[in-house]
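Asker: this is the structure alone, sequence omitted:
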């Protein structure tokens, strides 16, 4: 970024980060299977967390009717997420087994707390030991659970959770005629990943750098400044860096930031649908124009969700984009399937590929033509 002419600053701040350790496992009756655990789960005690296992279907409130799960381990369908985790904790479950909708076990952050928790919000952190198993292993566990008396469960899981210094890279460039107080476009994305994370978020980092490079070549045409920021703590800290940055720079952001442009998971193979990305109401015209000119698709007018480092609404900074390209439902490989936590969008998008948040997010899952297309949309 310095070589392109940007002023750079590397910040470091303390963040509450949770790093799952390998070696998790789940046992029901006489059947034991491998598992992964998740950011902000509780670690199991020595020898594993023991308890009776209760099947609660999808883990929604109605699924608990007539079932007392206090002090027990619940078994449920679907990718682990803060909502179902919180429900189970409030129902008194001491452990959770999430059965993936495919053979992929997706890493997840299950904390409902945005950013690093303060003393008031710490009580909302999960109180259960949480694991995820493959779809086929979930079937084995349910078969064992159906046997008379085979409801004793053991969860083995360990996480490294605590305060640690984390980095933020900030790169600034003013317009040719701009000054210190010039309004800027706020252009951001996270650089932390699960495993190698070539798509999520390596592709997006490449998009950010290339847009910044090309934009700098045309600085004489700028009417506003550009601030490019690379966050950490996106997945393992529930957006800890962007939250911290908002808390510590809100006066400047409220005064100078015009729009927050977020970049996430660009360039994935078969991620041909871009029309289901999101934008704030005042930016939908811009989103529609950029998507139509580059891809020929019609923007679906999706509302911006509270996810993906969208930490700046409180100071009135409108947001555009995030997860740009998604997998069409009918293009998903049958052996793996799309990421089922994402529902089909208005234009047929369905998640960012089966490799999302897994060790398979590697270079072979990338498509250079799709990465160019996504980057051209951001360049608009």
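Answerer: Arrived safely. Keep in mind that this is a model prediction, so the values were computed, not measured.
Asker: can you tell me how far the residue of the chain positioned farthest from its centre sits from residue 66?
Answerer: In the chain, counting by Cα atoms, centre = their mean, residue 148 sits farthest out from the average C-alpha position, at 39.8 Å. Per Cβ to Cβ, to the nearest Å, residue 148 is found 20 Å from residue 66. To be clear about C-beta, it is placed using only N, CA and C from the backbone, and glycine gets the same treatment.
Asker: one more: residue 283?
Answerer: Distance from residue 283 to residue 66, by Cβ to Cβ: 47 Å.
Asker: more neighbours: which of those two?
Answerer: Comparing residue 283 with residue 66 by other Cβ atoms under 10 Å, the one with more neighbours is residue 283, at 19 against 5.
Asker: can I assume that one sits in a helix?
Answerer: Yes: the assignment for residue 283 (DSSP: H, G, I helix; E, B strand; the rest coil) places it in a helix.
Asker: that one contacts residue 303, correct?
Answerer: No: using Cβ atoms under 8 Å, residue 283 makes no contact with residue 303, being 11.4 Å away.
Asker: so where is the stretch 251-380 of the chain shaky, pLDDT-wise?
Answerer: 331-350 (pLDDT under 70).
Asker: quick one: the strands in it?
Answerer: 257-262, 319-320 (DSSP state E, counting those that start in this stretch).
Asker: okay, these in JSON lines with distance to residue 248 and mean neighbour count next?
Answerer: As requested, these are exported to JSON lines (distance: least, Cβ to Cβ, whole Å; neighbours: other Cβ atoms under 10 Å):
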{"stretch": "strand 257-262", "distance to residue 248": "14", "mean neighbour count": "22"}
{"stretch": "strand 319-320", "distance to residue 248": "19", "mean neighbour count": "22"}
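Asker: output these in a markdown table; the columns should cover distance to residue 164.
Answerer: Compiled in a markdown table, the strands of the stretch 251-380 of the chain are given as follows (distance: least, Cβ to Cβ, whole Å):
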| stretch | distance to residue 164 |
| --- | --- |
| strand 257-262 | 24 |
| strand 319-320 | 28 |
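Asker: so what's the residue farthest from the centre of the chain scoring on pLDDT?
Answerer: Listed pLDDT for residue 148 reads 81.
Asker: ok but it is inside a helix, no?
Answerer: No: counting by three-state DSSP, residue 148 is not found in a helix; it is coil.
Asker: distance check, it against residue 29.
Answerer: For residue 148, the distance to residue 29 equals 10 Å [Cβ to Cβ].
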